[in-house]
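Asks: Below are the sequence and a predicted model for it; my questions follow.
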Amino acid sequence: MFALTRESLTWAVCPVLHAVMKEPHVLPCGHTFDKKVIRRLVRMRPRPASGVCPLCQKKFKNRDVVLNYALLDAIKWYKSLPAMIKSSIDL
Ligand SMILES: [Zn+2]
């Protein structure tokens, strides 16, 4: 039994920001970060429009980063739930 609580939102938490993602974007390596983090990663690189994944160190090009619609929809769905349901749903 799995209770859907605020604490169980770890699937929606950015591994860099440690907060629920507002705009989850997936890198070609498969790791997902908030867009804010990706913007920062790209800016830190000397060559514009590229970056390195902080989890697996694989290089990526900014144009290959896409919005993770499935995760975005799941986060929106969760946020739309009344607080009472959030703490009592069993998945
Ligand atoms: Zn990665």
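Replies: Okay, I see it.
Asks: Assess the claim that Tyr78 and Ala12 are in contact.
Replies: Yes. In this structure, Tyr78 is within contact of Ala12 by C-beta atoms under 8 Å, at 7.1 Å. For every residue, glycine as well, the C-beta is placed using N, CA and C.
Asks: My guess is Cys14 contacts Lys35. True?
Replies: No. When contacts are counted by C-beta under 8 Å, Cys14 is not listed as touching Lys35 (9.6 Å).
Asks: Now list whatever residues contact both of these two.
Replies: Shared contacts of Cys14 and Lys35 (C-beta atoms under 8 Å, 6 or more residues apart in numbering): Pro24.
Asks: more neighbours, those two?
Replies: Neighbours were counted for Cys14 and for Lys35 using other C-beta atoms under 10 Å; Cys14 has more, 20 against 15.
Asks: quick one: pLDDT of that one?
Replies: Note on Cys14: pLDDT of 94.
Asks: Quickly note the distance from it to Pro28.
Replies: Per C-beta to C-beta, to the nearest Å, Cys14 is found 18 Å from Pro28.
Asks: Ok, His18 next?
Replies: His18 is 23 Å from Pro28, by C-beta to C-beta.
Asks: now Phe60
Replies: In terms of C-beta to C-beta, Phe60 sits 5 Å off from Pro28.
Asks: of His18 and Pro28, who's got more company?
Replies: A direct count of neighbours by other C-beta under 10 Å for His18 and Pro28 places Pro28 higher, at 13 against 7.
Asks: what about that one, helix or strand, and which?
Replies: Under DSSP states H and E, no helix or strand contains Pro28.
Asks: Now it: closest residue in space, sequence neighbours ignored.
Replies: In space, and not counting its chain neighbours, Pro28 is closest to Asp64: 4.7 Å by C-beta to C-beta, 6 or more residues apart in numbering.
Asks: Tell me how many other residues crowd Val13.
Replies: The burial count for Val13: 13, using other C-beta under 10 Å.
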